[in-house]
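**Q** give me a 3D structure for the following:
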Amino acid sequence: MIIEATAPTRVDLAGGTIDIWPLYLFHPGATTVNFAVSMRARCRIELRRDDRIILESRDRKVSFESSLSEIEALAHEERLELISKLVHFFKPDTGFHLIAESTAPAGAGLGGSSALAIACIGALNRLVGDRYPERKFIVIAANVETTVIRVPAGFQDYYGAFYGGANAIEFKADGIRREPLHVDPEELERRVVICYTGEPRLSGVNNWEMFKTHIEGDPVIFELFEGIRDSARDMRHALAAGDWRRVGEVMRAAYPNRKRLAPNITTPHMEHLVETALRSGAVGAKVCGAGGGGCIAFLCEEGAKESVSRALAAEEGAEVLGWSFARDGLVVREI
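**A** Numbers count the residues shown, from 1 in each chain. Alright, predicted model coming up:
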């Protein structure tokens with residue numbers, strides 16, 4: 001038997017960082033808005049007839065072998081740490097070869113590790129006989145990934161990966177609720193350019209700095225998070241109404257405030273790319289994920305996507321990524 005699972009990455013348009021527990025509890029109405037994209041994470045599990053466990057990452061070009069008798073040691077394995085910890089969590093009772101890969105660049109800020117976690121959980125859960133209901137997948141992913149990055153994980157990425165589509169994720173005292181946003185996928189595809197800066201980033205570093213400063217009670221940071229919440233509210237309403245002029249206004253207003261959260265949200269190279277895009281027909285920019293590198297999403301004037309893409313592609317180190325709107329979230333199938 002072969003099990004294959006895929007999950008999409010996402011572009012976060014507003015409300016990032018406020019999705020980390022318990023920060024959202026201090027900001028009533030906290031919401032994150034994102035949409036899933038076709039750069040998917042994949043997990044393929046091929047059963048073996050012996051007790052060997054082979055874990056392989058195609059994009060990272062790393063693989064190693066273990067066995068069922070050594071499965072407890074995977075809790076402390078640093079090679080392919082996320083996958084190792086997930087295998088340890090599920091504890092399959094049969095040998096297998098797990099192959100993981102992501103089509104998003106490493107450190108892109110598109111939630112690639114979270115999408116990979118969701119894909120691997122879908123495949124491993126099927127391997128062990130659907131031990132857990134799907135409603136548990138997001139909690140499992142967040143808890144296991146937190147032990148890997150060693151700082152609190154945000155929740156929004158898992159919702160984009162699990163559900164696909166466009167999402168408004170609400171964070172409340174009684175739990176997290178996802179509402180699908182009805183947007184025109186073709187309009188998104190016509191207007192949004194995703195540019196990889198060529199600078200990978202580690203989300204945990206920036207997020208941890210913001211988290212600590214907030215918890216320590218910095219009033220400036222608190223007010224900035226209030227602004228993050230309000231931007232997400234405005235973005236949600238603008239997208240739902242199909243008001244692209246307003247979407248651009250929200251992005252422009254949020255960009256300078258978000259840069260104030262931590263010293264390395266943007267780099268000089270990222271600032272140059274933003275200036276280049278704005279001169280070429282972009283009306284707003286959003287650093288994806290925690291910033292410090294990775295991707296920037298640009299909203300373009302109607303008909304300007306091609307000129308923005310050309311201008312960015314001409315910049316050293318930058319790569320304009322091909323993408324489409326991902327309607328489907330986690331997909332698991334057996335071959």
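**Q** got the buried residues for stretch 240-249?
**A** 244, 247-249 (16 or more other CB atoms under 10 Å). Using the backbone N, CA and C atoms, a C-beta is placed for each residue, glycine as well.
**Q** one more: stretch 291-304?
**A** For stretch 291-304, using 16+ other CB under 10 Å, the buried residues are 291-301, 304.
**Q** could you work out the end-to-end span of it for me?
**A** End-to-end distance for stretch 291-304, by CA to CA, to the nearest Å: 25 Å.
**Q** so Ala168 bridges to which residues?
**A** Val33, Glu179 (DSSP bridges).
**Q** hang on, it packs against Gly29?
**A** No - when contacts are counted by CB atoms under 8 Å, Ala168 is not listed as touching Gly29 (11.3 Å).
**Q** settle it for me: which of those two has more neighbours?
**A** The residue with more neighbours, out of Ala168 and Gly29, is Ala168; 23 against 14, by other CB atoms under 10 Å.
**Q** contacts only, for that one.
**A** Contacts for Ala168 were tallied using CB atoms under 8 Å, 6 or more residues apart in numbering; they are 31-33, 178-181, 232, 236.
**Q** elements contacting the helix or strand that Asp157 is a member of?
**A** If you go by DSSP states H and E, Asp157 is part of helix 156-163. Counting contacts by 3 or more CB pairs under 8 Å, 6 or more residues apart in numbering; DSSP states H and E, helix 156-163 is packed against strand 2-14, strand 31-47, helix 112-127, helix 137-149, strand 166-172, strand 175-181.
**Q** redo those as CSV? Include mean pLDDT.
**A** Shown next, in CSV, are the helices and strands packed on helix 156-163 (pLDDT from 0 to 100):
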stretch, mean pLDDT
strand 2-14, 97
strand 31-47, 98
helix 112-127, 97
helix 137-149, 96
strand 166-172, 97
strand 175-181, 97
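**Q** looking at these, which is nearest to Glu223?
**A** Nearest of these to Glu223, taken as CB to CB: strand 2-14 at 16.6 Å.
**Q** name the helices or strands packed onto that closest one?
**A** By 3+ CB pairs under 8 Å, 6+ apart, strand 2-14 packs against strand 31-47, helix 112-127, helix 156-163, helix 219-241, helix 244-259, strand 282-287, strand 295-300, strand 331-334.
**Q** which residues touch Lys85?
**A** Taking CB under 8 Å, 6+ apart, one finds 74-75, 77, 144, 147-148 in contact with Lys85.
**Q** got a winner among those residues for most neighbours?
**A** Leu74 (21 neighbours).
**Q** pull out the buried positions in stretch 50-60.
**A** 53-57, 59.
**Q** between the two ends of that stretch, how far is it?
**A** 26 Å.
**Q** need the mean per-residue confidence for that stretch.
**A** For stretch 50-60, the mean pLDDT works out to 96.
**Q** stretch 219-226 now?
**A** Mean pLDDT, taken over the full extent of stretch 219-226, equals 93.
**Q** circling back to that earlier point, tabulate the helices and strands packed on helix 156-163 (CSV), appending distance to Phe96.
**A** Formatted as CSV, the helices and strands packed on helix 156-163 follow (distance: least, CB to CB, whole Å):
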stretch, distance to Phe96
strand 2-14, 9
strand 31-47, 5
helix 112-127, 7
helix 137-149, 18
strand 166-172, 32
strand 175-181, 31
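**Q** now this structure, which segments are flagged as low pLDDT?
**A** 201-206, 263 (pLDDT under 70).
**Q** separation between the residue nearest the centre of it and Tyr255?
**A** Centroid check for the chain by CA atoms, centre = their mean gives Gly111 as the closest residue, at 1.8 Å. Separation of Gly111 from Tyr255 (CB to CB, to the nearest Å) stands at 20 Å.
**Q** one more: Ala313?
**A** Where Tyr255 is concerned, Ala313 sits at a distance of 22 Å (CB to CB).
**Q** between those two, tell me which one has more neighbours.
**A** Neighbour count, other CB under 10 Å: between Ala313 and Tyr255, Tyr255 has more, with 18 against 12.
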